[in-house]
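Peer 1: below are the sequence and a predicted model for it; my questions follow.
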Amino acid sequence: MEEIKTLLVILLSCVFVDNYVLCRFLGICPFLGVSKKLNQATGMGVSVTLVMLLATAVTWPIQYFVLNTLGLGYLQNIVFILVIATLVQILEMFLKRLSPALYEGLGVYLPLITTNCAVLGVTINNILDGYGFLESMVSSLGCGLGFLLAMVLFSGLRSRINERIVPAPFRGLGVTLIAASFISLAFMGFAGIVEKIFA
Amino acid sequence: MDILIAFLVILAVALLAGVLLLVFSRLFAVEKDPTEEKIRACLPGINCGACGYKGCDDYAAALAKGGVNTGLCVPGAQKVADEISEILGVESVAFNDVVAYVSCNGTCEATPAVAVYEGVQSCRAASMLYGGANACRFGCLGLGDCAAVCPSGAICFYDGIAHVNTALCIGCGLCARTCPKHVITMLPQDTAVAVMCSNTQKGADARKACKNACIGCRKCEKACPHGAITVENNLARIDYTKCEKCGLCADACPTGCLKKVFFPNLPEDSNE
């Protein structure tokens, strides 16, 4: 029971409190770039979630069984980048061959994710926080879902903005960034809530 | 010594990644049909979707599999249809060329504005607000959604309504799908007479809404010697398979909503 509670806290705090896009400001590039339309934002969000899970499943064992045993923990950045980039490309080929329909939905976003800082951030933070394998996987899932949530919310907001007349100095990226900062502020309100729920 | 181990580990990881990528790229290579690629090269590649497929790639794939009409590419017209037929080794089909016509003649003078619309300058937005500012609920709003999607810049606005330059129109039908009022119709290229109205109200109401509206008087129906015109829902409809291009209907029309079509001679500065 205690374990499940810990996992739930990790999951929820990753989605809301420590949202990668809105609170840690990682993965801003796809957040601003691919959030113009809802279906694109959803596709990107799901792909990132998938890649985060897969990347954690691979990098966690590498860190603990290869790098740490050799005393090379400081190489994690370089090794993780290599591993994640390879992994995403293999996943892309895999989808292209086995499921063209899925590839059309998700695959086109995969090249964008190869060097995404949110994915690298999740894998490294899992190690820094000292999470076990299961905890790491749950935290990656939470971060992915948080990313998806942020993308979906923001794409909705952007489509609303597009229908409005924006004052000339704010047009384009200006109003987009301001809107992003408002969502970010709103998410700051979640701080402390998750721990209290299970206290 | 330490630096050597670190160097070797990175090298090993990089090599492994390289080898894995190579293996997987061989293992999961997707073979493309060479005919499909040849067909794809013929298609214009603007992904307009007029063929009914998701884009040029999709249409090419369907063609390569066979059993699909080779004359569906509207922008490519007869030339592309011939090329595809040659690649596939089938007999070329006659391509039915279509162009867009705006079925509305509700000029500023003919259908007065009953409200002042100051919202977002888009037909879609305007039509959601009580159907737009014009007296006629069926007509062109003239805010340019069709011109915005037109890939060939064939649509311009003059006197409050859209006009299609049939010489530039590639017949993709994007404008017809975009128009919230559905006033744009795709008609055969050799159309002689077009119905320039979409108002289905009864005669008096239609007349009240717009001076140029079709009032459903059936004069055209009687004038047509070939039985090509029927009046349905208070609106004349021409069956182009029966039309013999005599133009008698247009002469009989009291409101001028049946028009002998040609691109109107517009003043030059109206092309905005």
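Peer 2: Here it is on my side, so go on. Residues are numbered from 1 along each chain as shown, chains lettered A, B, ... in the order given.

Peer 1: list the buried ones in the helix ranked longest in chain A?
Peer 2: Longest helix in chain A, counting residues (DSSP state H): helix A:133-162. Using 16 or more other CB atoms under 10 Å in any protein chain shown as the test for burial, helix A:133-162 gives A:135-155, A:157-158. C-beta here means a position set from N, CA and C on the backbone, and glycine is covered the same way.

Peer 1: next one: stretch B:29-37
Peer 2: The neighbour-count check on stretch B:29-37 (16+ other CB under 10 Å) flags B:T35, B:E36 as buried.

Peer 1: what of stretch A:27-34?
Peer 2: A:G27, A:I28, A:P30, A:F31, A:L32, A:V34.

Peer 1: now, those that are in strands?
Peer 2: Mapping the buried residues of stretch A:27-34 onto strands (DSSP state E) picks out no residues; all lie outside.

Peer 1: could you dump these to CSV with distance to chain B?
Peer 2: Below are the buried residues of stretch A:27-34 laid out as CSV (distance: CB to the nearest CB, whole Å):
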residue, distance to chain B
A:G27, 23
A:I28, 27
A:P30, 23
A:F31, 26
A:L32, 23
A:V34, 19
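
Peer 1: among the residues you listed, which pair sits farthest apart?
Peer 2: By the measure CB to CB, those have their two most distant members at A:I28 and A:V34, which lie 11.4 Å apart.

Peer 1: next one: the lengthiest helix in chain B to chain centre, how far?
Peer 2: Longest among the helix segments of chain B by residue count, using DSSP H, is helix B:2-27. Its chain's C-alpha centre and that of helix B:2-27 lie 53 Å apart, by CA atoms, centre = their mean, to the nearest Å.

Peer 1: check stretch B:70-84 too.
Peer 2: 16 Å.

Peer 1: now do it: distance from first to last residue.
Peer 2: 6 Å (CA to CA, to the nearest Å).

Peer 1: what about it, average pLDDT?
Peer 2: Predicted confidence along stretch B:70-84 averages 80 (mean pLDDT).

Peer 1: and B:L143, its phi and psi?
Peer 2: Comment: the main-chain dihedrals of B:L143 come out as phi -100, psi 0, following degrees, to the nearest 10.

Peer 1: most centrally placed residue in chain B?
Peer 2: B:G173 (1.1 Å; CA atoms, centre = their mean).

Peer 1: you'd agree B:K32 is in a helix?
Peer 2: No: assigned with DSSP: H, G, I helix; E, B strand; the rest coil, B:K32 falls outside any helix and is coil.

Peer 1: who's in contact with the residue of the stretch 151-272 of chain B found nearest chain A?
Peer 2: Distances from the stretch 151-272 of chain B to chain A, computed as CB to the nearest CB, single out B:P180 as the nearest residue at 14.2 Å. The contact partners of B:P180, by CB atoms under 8 Å, 6 or more residues apart in numbering or on different chains, come to B:C123, B:R124, B:S127, B:M128, B:L141, B:D145.

Peer 1: and the furthest pair within the residues you listed?
Peer 2: Taking CB to CB as the measure, the contacts of B:P180 reach their widest spread between B:M128 and B:D145, a distance of 12.1 Å.

Peer 1: neighbour count winner among the two?
Peer 2: Neighbours around B:M128 and B:D145, counted as other CB atoms under 10 Å in any protein chain shown, are more numerous at B:D145. The numbers are 23 against 13.

Peer 1: find the nearest non-adjacent residue to the more buried one, please.
Peer 2: B:C123 (4.2 Å; CB to CB, 6 or more residues apart in numbering or on different chains).
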